[in-house]
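>>> need coordinates for the below:
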Amino acid sequence: MRNLAMMVVLFLLGMVSNAQTNTITKPDIGQTEYIVNSASGDVNLQASNAIILQPGTHIQSGSFFVAQIVSVASGITVNTQNLPIADFEIVFDGSTIDNLTSGSEQSEVFVDTSPAGGGDVSLLVNVVSTNDRSALNLRINKIQGVYSVEVFQNGQWRALSTEFYNVEGDTVTFTNGRVRYMVPFTLNLVNGVQYDRSVPLEFDLSDLLSAQGASLQITGPNEFLANIPPDVENNKFIWDGTQAQSGLYRFQLTLQQKIFNGQFIIQ
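Numbers count the residues shown, from 1 in each chain. This next block holds a predicted model:
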């Protein structure tokens, strides 16, 4: 159970002469060993992944001591196992958990949100940029017990479609099912090939991409050339080709350091 990743506070009784409260942290879900620092020295406590640590649970290690769990910290588990390999960090309440990597069996991180005192929570998931990939900033919100995820785009936080993540309990799992085959943009063409000139031609970008810094060039008959500026606010390109002449047109869209080439026909 993921509750094993939580911080537990134990009250030691028995052979410990002066009963005291001890803090034990279990940062790794696969880890089963706790080290309890008590008045009688360090004691190893083995725990199974089948154990659910809840307040009121008693744990005995041989005949030396009995530990009672008196509180369990709240938190959110962020699962990025299904995403491509990338470096990222998580920021909450002014603290940063860095040097994290998605795309592996270990890509599941528990974030202790107990400082929020049970109130609303927001934490940031910042994917580090590389030469091949732009930075990506996500925000996980838990407002009145309801989860949502937002993506930062064009200076604004926008809702991320639930097709890219799912929530089970207090675990947010990001999925890559559609992202891997993500269509970076769509065109309002007839049958995917013909521009009928009834309305301006629009290149609508995916919600996960940004028109900021992107460029579009369209070429056509008789040395036609047009450089279209991005509509950053609406995350698209718009070309008013309603008066363009018939013929074969080609476009080159440069988006986040990648080049997309295509063509369409005006009859």
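
>>> any idea where the helices of the stretch 51-200 of the chain begin and end?
With DSSP state H, counting those that start in this stretch as the criterion, the stretch 51-200 of the chain has no helices.

>>> quick one: low-confidence residue ranges for it.
For the stretch 51-200 of the chain, residues meeting the criterion pLDDT under 70 lie at 51-73, 132-133, 176-182.

>>> in it, which spans are strands?
When assigned using DSSP state E, counting those that start in this stretch, the strands of the stretch 51-200 of the chain occupy the ranges 58-61, 65-72, 75-79, 87-92, 95-101, 108-112, 121-127, 136-143, 146-153, 156-159, 165-168, 171-174, 185-187.

>>> now residue 200. Nearest residue, chain neighbours left out?
Excluding its sequence neighbours, the residue lying closest to residue 200 (Cβ to Cβ, 6 or more residues apart in numbering) is residue 240, at 4.4 Å. Placement of C-beta: from N, CA and C, glycine included.

>>> related to what we said a few turns ago, with respect to residue 258, which of the strands of the stretch 51-200 of the chain lies nearest?
Among those, the nearest to residue 258 by Cβ to Cβ is strand 185-187 (11.2 Å).

>>> before we move on, back to that, pretty sure the residue nearest to residue 200 sits against residue 198.
No. Look at residue 240 against residue 198 with Cβ atoms under 8 Å: they stay out of range, at 11.7 Å.

>>> follow-up on the earlier one: could you redo the strands of the stretch 51-200 of the chain as CSV and give each row distance to residue 218 and mean neighbour count?
Shown next, in CSV, are the strands of the stretch 51-200 of the chain (distance: least, Cβ to Cβ, whole Å; neighbours: other Cβ atoms under 10 Å):
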stretch, distance to residue 218, mean neighbour count
strand 58-61, 69, 14
strand 65-72, 60, 17
strand 75-79, 42, 21
strand 87-92, 36, 18
strand 95-101, 40, 13
strand 108-112, 45, 21
strand 121-127, 32, 20
strand 136-143, 29, 18
strand 146-153, 25, 17
strand 156-159, 28, 12
strand 165-168, 36, 15
strand 171-174, 35, 19
strand 185-187, 11, 16
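
>>> in CSV, list the ones you listed along with distance to residue 254.
Formatted as CSV, the strands of the stretch 51-200 of the chain follow (distance: least, Cβ to Cβ, whole Å):
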stretch, distance to residue 254
strand 58-61, 60
strand 65-72, 51
strand 75-79, 32
strand 87-92, 25
strand 95-101, 29
strand 108-112, 34
strand 121-127, 21
strand 136-143, 19
strand 146-153, 18
strand 156-159, 23
strand 165-168, 29
strand 171-174, 27
strand 185-187, 12
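
>>> for those, which one sits closest to residue 260?
The nearest among these, by Cβ to Cβ, is strand 185-187 at 7.4 Å.
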